[in-house]
Structures are given as structure tokens and as C-alpha cells.
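# Sequence first, then the predicted structure, then my questions.
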Amino acid sequence: MTARVFAPGRVNLIGDHTDYMGGVVLPMAIQFGTTIVGTAGGGRLRMRSDRLDGVLDVPMPVTDPGSVQPSWGRYPAGVAALLGRTDGFDGEIVSDLPIGGGLSSSASLEVATAHALGATGSPLDIARLCRAAEAAATGVPCGIMDQLAVAAGVEGHALLIDCATEEVTPVPVPSAAAIWVVDSGQVRTLADSAYAERRAQADAAAALVGPLPRASMASIASVADPVLRARARHVRTECDRVHAAAAALVAGDLVRVGELMVESHVSLRDDFQVSTPELDALVEDLVQTPGVHGARLTGAGFGGNVVVLAEDDVTVPGTRMHASAGARTLAAPPNS
């Protein structure tokens, strides 16, 4: 049986390093993504990528996805392992997402693999499976935002996701808004970054003041350790910014959304310390462009891309992609 599956990437408009703390985020699925075409059967999981070196070729069932080579194969291998898949699959992977750009190329590959291997259930079921698969395959303690944004995209909408309740609320993106993704030129991988360290620091702060998205600013100000205090302050204020940005999108107030995006970048730069000089300079340049309302790093930081909100008749400078809101995961039935 032949399967053909497309899963989008995502850009996060606002709300980074809040998902794994049970906070809120505002991503949107985009039209760029991952396509897998393949055939079920046999006793091995085989996948080839149009852009990544090496061939994934492991016996089924997969028992140790974290040791699979090439390293990119750990993502589909992790999905196969979590699904308990015993029969094989031979597939080709084609992607137009930048690798290491903060647009969830890994989550897109995971969700596409899950559907190609016959996973069933709601978008939330698929997202939970793929999140667990990534943790098993890479050891990175990621939140659910990326996988859920990819699995649950709604055309023309961003998604307000409460990561504590896993509730998803579609938020319309005004037609006057143009979303651009601009490449900083810095490639990063979460496994090689300080992502796990930042999460551990946020967890340590939460142990002192309770869940950070709901902690009072007074209790956060009382944290003696300046690093933990800053990490907590980012999570708490970022969640406030997410709610405000969602309300501003509904009201069509793009100027306010842009202001909140810039505030988010400053917080990620100063309080969570996940920006870089290259990202900072790019954001500073972009917000000076006429017709641009705001810009910020998107994703975990440490490199990758900047997301830009502009008027729909503005073309931003740099190496960029125009992102359309709300692409959906598409899985063709066998033999179609």
C-alpha cells in the first residue's frame, strides 16, 4: 500500500519557552513542510531525504531510536518505536523547510511519519505521540507546541494553545497582515544548544514560586537567584503577551501585535538569554523597515529565523519566506 502525506512546519508568532512550563503560545502552521511518499511492508524502516545525508535503514521493531544513524533518522525511528510498529516502510522524504531554522522541521517530519505509518486519532493524539517520540529519540525535553501546531493547523488562523490544558483555540489572522520569516544565517540544533539548561532553570524557579505562567510578579521578584528570577519573569510576562497578542489579532490591531513581538524578543534576549548578536541585529534592522510592525526571534533561539509582522503590501529585506497562515496536515488514503 502506498501512502502520501504532507505535514506543515510552523512559525511561532509569540510565546517561546512557555510551552514546557504549562504556559500559552501562539503559533501558526505554514504552507512549507514535509512530504513523505512510501510503501508499507517488509521488515525494515527505510527512508531517504532529498536534503539530508545518509539513509535510514533499521530493522523493525525499532527498540533504541536514540542510537539510530544518520541522526536525522532518530525522529522517524522514534515515531515508529512509540507506535509499536512491527512491519516495515520504505519512503522518500521531501521538505522545503529550512533545517535548524526554528520552523519545526523535526516536528513536521515526526507528524508526517506518524501518518505515513498509519497512526490514528485526533491531532492532539498525534502531537502527544510525536512529542514523546522526539524525547525518546533525542533526549530533548521539548514541550508540545511544535507537534500540536503542526498537527492541528486551521486555514487562515494562528492557534492559541494552552499547554497546561492542551486546549487549542483558532485565532484569525487579519488579511491585512503579512507574516515573513527571515533567515539569520545561524543554524542551530536543540540537542547542541542550552535548551535543556534553560528548561532546568525554569523548573528550578517554578519549584520556588509555583507554576510560572500563574505566579505573581511579587513572588517572582522575591527569588534571590538573579538567573532564576529572570527565567521566571520571562515565562510569566511572555504568557501575558501571548494573551494580549491573540486579543489584538482578533481586533485587527496589528500595531499592538508588533509591539508585543518586540517586547517578547527583548525578554528572550535579556531574561531568558536565548538570543544571539546576529538575531538581535536582524530584529533591530527589520523593525526600522517602513510598514513592519514588529519582529522577534522564533523558536527556541540560539540561531534560526526571525518572524516579522508587516502590512500586506510590504516586502521585507533579507533571505526570507512569506508564510501563509494555517496549512493543514494532509494524508492521502492508501493507493491514492
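Sure thing, it's come through. Note that this is a predicted model, so its numbers are computed, not measured.

# Now do the same for residue 137: its pLDDT.
At residue 137 the predicted local distance difference test score is 88.

# and what of the one 3 residues further on?
In this model, residue 140 is scored at 79, pLDDT.

# mind checking the SS state of it?
At residue 140 the chain is in coil, as set by DSSP: H, G, I helix; E, B strand; the rest coil.

# low-scoring pLDDT stretches of the stretch 101-250 of the chain, where are they?
Within the stretch 101-250 of the chain, the stretches falling below the threshold (pLDDT under 70) are 189-193.

# Need the nearest residue in space to the spatially most central residue of the chain, chain neighbours excluded.
Closest to where the C-alpha atoms of the chain average out (CA atoms, centre = their mean) is residue 146, at 3.4 Å. In space, and not counting its chain neighbours, residue 146 is closest to residue 107: 3.7 Å by CB to CB, 6 or more residues apart in numbering. Placement of C-beta: from N, CA and C, glycine included.

# just residue 91 next, same as before
In space, not counting the residues next to it along the chain, residue 91 is nearest to residue 38; the distance is 2.5 Å by CB to CB, 6+ apart.

# any idea which helix or strand carries that neighbour?
strand 24-40 (DSSP states H and E).

# ok so, going back, count the neighbours of the residue nearest to residue 91 for me.
As a burial measure, the neighbour count of residue 38 was computed by other CB atoms under 10 Å and equals 23.

# same question, residue 222
By the measure other CB under 10 Å, the count of residues near residue 222 is 11.

# cool, and residue 224?
The number of residues packed near residue 224 is 7, by other CB under 10 Å.

# what about it, which SS state?
Secondary structure, three-state DSSP: residue 224 is coil.

# just so I have it, where are all the helices in the stretch 51-200 of the chain?
74-83, 105-116, 123-138, 145-151, 195-209 (DSSP state H, counting those that start in this stretch).

# I'd like to check the angle between the first one and helix 105-116, please.
Using axes from the mean of the first three to the mean of the last three CA atoms, to 10 degrees, the interaxial angle of helix 74-83 with respect to helix 105-116 works out to 40 degrees.

# Just the angle for helix 74-83 relative to strand 24-40, thanks.
Helix 74-83 and strand 24-40 meet at an angle of 80 degrees, taking the same axes, to 10 degrees as the criterion.

# Need the outlier residue of this protein, farthest from its centre.
Most distant from the centre of the chain: residue 42, at 32.8 Å, with distances by CA atoms, centre = their mean.

# Looks like residue 95 contacts residue 105 (just checking).
Yes - under the criterion of CB atoms under 8 Å, residue 95 makes contact with residue 105 at 6.5 Å.

# Please identify every residue contacting each of these two.
Common neighbours of residue 95 and residue 105 (criterion: CB atoms under 8 Å, 6 or more residues apart in numbering): residue 34.

# Please identify which of those two sits among more neighbours.
Taking residue 95 and residue 105 together and counting by other CB under 10 Å, residue 105 has the greater number of neighbours (25 against 21).

# other SSEs contacting the helix or strand in which residue 296 is found?
Assigned by DSSP H and E, residue 296 falls within strand 292-297. Identification of packing neighbours for strand 292-297 by 3 or more CB pairs under 8 Å, 6 or more residues apart in numbering; DSSP states H and E yields helix 254-270, helix 277-287, strand 304-311.

# Pull up the pairing partners for it, direction included.
Sheet neighbours of strand 292-297, with direction, are listed as strand 304-311 (antiparallel) (DSSP bridges).

# got the angle for the partner strand vs helix 277-287?
With the same axes, to 10 degrees as the basis, strand 304-311 and helix 277-287 are set at 10 degrees to each other.

# What would strand 304-311 look like as PDB? C-alpha coordinates only.
Taking Å, rounded to 0.1, in the frame of the first residue of the first chain, the C-alpha atoms of strand 304-311 are listed here in PDB:
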ATOM      1  CA  GLY A 304      17.500  30.200  13.400                       C
ATOM      2  CA  ASN A 305      14.900  32.600  12.000                       C
ATOM      3  CA  VAL A 306      13.200  35.900  12.900                       C
ATOM      4  CA  VAL A 307       9.400  36.200  12.400                       C
ATOM      5  CA  VAL A 308       8.200  39.600  11.100                       C
ATOM      6  CA  LEU A 309       4.700  41.100  11.100                       C
ATOM      7  CA  ALA A 310       4.200  43.700   8.300                       C
ATOM      8  CA  GLU A 311       1.500  45.300   6.200                       C
END
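
# For it, buried residues please.
By 16 or more other CB atoms under 10 Å, the buried positions in strand 304-311 come out as 304, 305, 306, 307, 308, 309, 310.

# Quick one: neighbours of the closest residue to residue 275 other than its chain neighbours, just the number.
The shortest distance from residue 275 to any non-neighbouring residue, by CB to CB, 6+ apart, is to residue 269 (4.0 Å). By other CB under 10 Å, 20 other residues sit near residue 269.

# ok, residue 269 - contacts?
The contact partners of residue 269, by CB under 8 Å, 6+ apart, come to 275, 279, 280.

# Quick check: nearest residue in space to the last one, chain neighbours excluded?
Of all residues beyond its chain neighbours, the one nearest residue 280 is residue 269 (6.1 Å), with distances taken as CB to CB, 6+ apart.

# Pull up the gap between the one you found and residue 212, please.
Using CB to CB, to the nearest Å, one gets 18 Å for the distance from residue 269 to residue 212.
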